[in-house]
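Trainee: Please find the sequence and the predicted model below.
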Amino acid sequence: MADVSLRDIYKSFGQNEVIHGISCDIHDGEFIVILGPSGCGKSTVLRMIAGLEVITQGDIAINGKVVNQLEPADRDIAMVFQNYALYPHMTVFKNMAYGLKIRRMPKAEIEERVQRAARILELTEFLDRKPRQLSGGQRQRVAMGRCIVREPKVFLFDEPLSNLDAKLRVQMRLELRNLHETLGITSVYVTHDQVEAMTLGDRLIIMENGYVEQIGSPLEVYERPATIFVAGFIGSPAMNFFEGRASRDGQSLELSGSGSLPVYPHLEPDFCDKAVVVGVRPEHFSLAPEGDGTIKMQVDHLETLGADTLVHGKSGEESSLFTLRLPDIHNYKKGSSLFLSVSPERLHLFDKQSGKRIGD
Ligand SMILES: Nc1ncnc2c1ncn2[C@@H]1O[C@H](COP(=O)(O)OP(=O)(O)OP(=O)(O)O)[C@@H](O)[C@H]1O
Ligand SMILES: [Mg+2]
């Protein structure tokens with residue numbers, strides 16, 4: 001049982017600061033996902049929690065106790081890496097037992113823990129096999145088993161599924177989530193895959209360039225992204241952005257050359273008559289009759305996905321490409337025009353300068 005608290009963490013490699021002050025309280029039993037593009041600092045944060053990397057400034061506490069100076073082995077944390085290496089000459093049982101053996105745990109207890117972990121991971125029938133006699137997913141489970149047998153306070157995962165094929169990844173994702181529900185061990189999981197993050201995490205820490213952009217539940221970050229970066233990173237296909245201007249009375253948005261959309265609730269005076277970035281998710285457009293309060297789209301091409309259709313097209317003079325997702329199959333010709341409305345609560349507005357969300 002453990003909560004983990006990151007308090008204003010900074011990290012520099014030489015002169016190069018790569019983590020610029022990160023704070024987060026991770027609750028006992030929570031599954032937290034650190035999500036962000038390559039190089040944003042995810043692994044560095046994880047390695048600082050594990051004790052594999054020195055913290056330049058700030059504190060990491062486990063159950064209220066600062067662990068900055070504790071060796072990795074004394075932190076009661078188990079970490080699964082992307083490139084986990086099993087010992088090829090050892091059986092599954094021995095691979096899982098090895099860490100306990102070097103900690104000189106009594107044999108009977110090792111036997112009991114390995115058997116229990118094997119049952120949870122459905123590996124019992126493979127305990128006598130060598131790693132090369134297993135599938136990729138089974139090997140991944142053995143790597144997980146090595147951590148489970150330690151019964152740590154905290155699990156750390158650094159992109160553990162990235163070398164599995166797409167189908168196996170989906171399956172392992174479900175298994176991981178089930179495993180978490182069974183064991184309830186506080187977990188921090190790093191990935192750059194937003195779908196993985198959304199399906200696994202109780203909460204996400206979304207990072208960019210060594211900064212935290214937003215911390216929230218999957219639904220919160222989808223429905224109320226705090227910045228343009230988060231808005232564009234979460235959701236597939238990605239959110240569309242339009243350059244626009246809020247009207248003087250704060251009741252509508254003029255999108256350069258492609259139409260205008262009503263805003264409700266009306267904008268605060270601070271934001272009226274100002275340049276804004278308007279975000280609309282592809283799934284939140286509806287077809288509408290031509291008229292005020294619509295965006296005109298010139299169809300460019302279609303992708304028929306079966307259950308629904310993605311329509312890619314251009315808007316107005318600006319001719320920026322954008323995408324909408326419509327239920328059912330549609331067959332619009334290239335060059336035909338569609339008129340689209342968006343219900344006001346589905347609009348996302350951002351300050352053009354700071355990239356921060358405006359209003360609710
Ligand atoms: N040992 C190191 N020495 C110097 N710079 C480092 C070191 N480790 C990481 N960095 C730098 O710190 C930044 C963050 O790296 P990190 O490995 O944490 O990124 P990441 O988000 O895990 O990326 P990826 O998704 O590619 O694994 C990068 O700019 C990287 O070049
Ligand atoms: Mg990494």
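Mentor: Looks like it came in fine. Computed from a predicted model, the values in this text were never measured in an experiment. Ligands and ions are numbered 1, 2, ... in the order given.
Trainee: per-residue confidence at residue 318?
Mentor: Looking at residue 318, its pLDDT stands at 58.
Trainee: in the stretch 201-350 of the chain, which ranges drop under the pLDDT threshold?
Mentor: 257, 316-319 (pLDDT under 70).
Trainee: which stretch of helix or strand covers the residue positioned nearest the centre of the chain?
Mentor: Centroid-nearest residue in the chain: residue 197, 3.3 Å away (criterion: C-alpha atoms, centre = their mean). Using DSSP states H and E, residue 197 maps to helix 194-200.
Trainee: What pairs with the helix or strand that that helix is followed by, parallel or antiparallel?
Mentor: Toward the C-terminus, helix 194-200 is succeeded by strand 203-208 as the next helix or strand (DSSP H and E). Taking DSSP bridges as the criterion, strand 203-208 sits next to strand 31-35 (parallel), strand 211-216 (antiparallel) in its sheet.
Trainee: Among those, show me which one is buried the most.
Mentor: strand 31-35 (a mean of 26; mean count of other C-beta atoms under 10 Å). The C-beta positions use only the backbone N, C-alpha and C, and glycine is treated the same way.
Trainee: Now for the closest residue to ligand 1 within the stretch 251-360 of the chain, how many residues are close by?
Mentor: Closest residue of the stretch 251-360 of the chain to ligand 1, C-beta to the nearest ligand atom: residue 355 (19.8 Å). A count of nearby residues for residue 355, using other C-beta atoms under 10 Å, gives 15.
Trainee: Look up the pLDDT of it for me, please.
Mentor: 94.
Trainee: With adjacent residues omitted, what lies nearest to it?
Mentor: residue 228 (4.3 Å; C-beta to C-beta, 6 or more residues apart in numbering).
Trainee: Can you show me the strands along the stretch 51-200 of the chain?
Mentor: Using DSSP state E, counting those that start in this stretch, the strands of the stretch 51-200 of the chain run over residues 57-62, 65-66, 77-80, 154-158, 186-191.
Trainee: from those, which stretch is densest packed?
Mentor: Among these, ranked by average contacts under mean count of other C-beta under 10 Å, first place goes to strand 186-191 (a mean of 25).
Trainee: What residues sit buried inside stretch 236-255?
Mentor: 239-247, 250-255 (16 or more other C-beta atoms under 10 Å).
Trainee: That stretch spans what distance, first to last residue?
Mentor: 23 Å (C-alpha to C-alpha, to the nearest Å).
Trainee: likewise stretch 50-65?
Mentor: 14 Å.
Trainee: now that stretch: mean pLDDT?
Mentor: The model assigns stretch 50-65 a mean pLDDT of 96.
Trainee: Next, see if that stretch gets close to ligand 1.
Mentor: No - using C-beta under 6 Å from any ligand atom, stretch 50-65 never reaches ligand 1; the gap is at least 7.8 Å.
Trainee: returning to that earlier point: now, among the buried residues of stretch 236-255, which is nearest to residue 291?
Mentor: Taking C-beta to C-beta as the measure, residue 291 lies nearest residue 252 of these, at 13.3 Å.
Trainee: my read: that closest one touches residue 266, true?
Mentor: No - look at residue 252 against residue 266 with C-beta atoms under 8 Å: they stay out of range, at 9.0 Å.
Trainee: Check the average confidence over the longest helix along the chain, would you?
Mentor: Under DSSP state H, the helix in the chain containing the largest number of residues is helix 166-183. The pLDDT scores in helix 166-183 average 86.
Trainee: And stretch 131-138, how far out from the chain middle?
Mentor: Mean-position distance between stretch 131-138 and its chain equals 27 Å (C-alpha atoms, centre = their mean, to the nearest Å).
Trainee: Of all residues in the stretch 101-250 of the chain, which one is closest to ligand 1?
Mentor: For the stretch 101-250 of the chain, C-beta to the nearest ligand atom, closest residue to ligand 1: residue 192, 4.8 Å.
Trainee: what phi and what psi does the backbone show at that residue?
Mentor: phi -110, psi 10 (degrees, to the nearest 10).
Trainee: I'd guessed it sits against residue 36; true?
Mentor: Yes - counting by C-beta under 8 Å, residue 36 is a contact partner of residue 192 at 6.6 Å.
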